[in-house]
Every structure is written in C-alpha cells, then in structure tokens.
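> One predicted model, sequence on top.
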Amino acid sequence: MSEHADLVELTRVFGPFEADVIKSFLESHGIISVVRGRMAPFIYPTTVDGMAELKVLVQATDLEKARELIESMPAPDDDEGPEKPA
C-alpha cells in the first residue's frame, strides 16, 4: 500500500506561493503535507478552469489538528508579528 494512501484534502488554494506557505506552516508544527494540482508552467499563473488550483493534503489522523492550525494562521495584513518601523 502506498505511503500516501490515507491522505485527505485539507484545503484548496489558487497558486504555488500560498500552498508553500501553508505547507511550511504545517511542517513547522510537525504535520507532513503534500501539495497536488495542475499548474501550467507560466510566469504569471492565473486561475482558468482550475488550472492554478492546488490541493493541500494531510494524513487523515492529522486533519483536525491541521484545520485548527490553518484557522489560527495570521493573515498577511494582521498586525501580529514583527513591529513595523515608526
């Protein structure tokens, strides 16, 4: 049986950068993830008929913890994080 047999979808995103951020965030919390999807090799990916849609998959046993972590991720425009220069 494949090592990825028990993977389940955590979320869908529309670009490799967002997928990489989520993957790295999960891995920093001990959750292994896999990104799958169809991505045409363009410099500026666009979402046309799901072509830039990527799925972030985790093991079924990690799904609940991964969902909680994703919900707690700070948004890019949150004021949490390093202080901004005055």
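Received, thanks.
> tell me which element residue 25 is part of?
helix 16-28 (DSSP states H and E).
> Next, residue 31: secondary structure please.
coil (DSSP: H, G, I helix; E, B strand; the rest coil).
> Can you give me the neighbour number for it?
18 (other Cβ atoms under 10 Å). C-beta coordinates here come from the backbone N, C-alpha and C atoms, glycine included.
> list the contacts for it?
58, 59, 62, 65, 66, 69 (Cβ atoms under 8 Å, 6 or more residues apart in numbering).
> measure it to residue 52 for me?
According to Cβ to Cβ, to the nearest Å, residue 31 and residue 52 sit 24 Å apart.
> got it, and residue 9?
17 Å.
> Kindly report the same for residue 60.
For residue 60, the distance to residue 52 - Cβ to Cβ - is 26 Å.
> Which of these two has more residues huddled nearby?
residue 52 (20 against 11).
> Alpha carbons only: can I get stretch 11-26 in CSV?
Written as CSV, here are the backbone C-alpha positions of stretch 11-26 (Å, rounded to 0.1, in the frame of the first residue of the first chain):
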residue,chain,number,x,y,z
THR,A,11,-7.8,23.0,1.7
ARG,A,12,-7.6,24.3,-1.8
VAL,A,13,-5.6,27.3,-2.8
PHE,A,14,-5.0,29.2,-6.0
GLY,A,15,-1.3,29.4,-6.5
PRO,A,16,2.0,27.8,-5.5
PHE,A,17,3.0,30.6,-3.1
GLU,A,18,0.0,30.2,-0.8
ALA,A,19,0.4,26.4,-1.0
ASP,A,20,4.1,26.7,0.0
VAL,A,21,3.3,29.0,2.9
ILE,A,22,0.6,26.5,4.3
LYS,A,23,2.9,23.5,3.7
SER,A,24,5.8,25.2,5.6
PHE,A,25,3.5,26.3,8.4
LEU,A,26,2.1,22.8,8.9
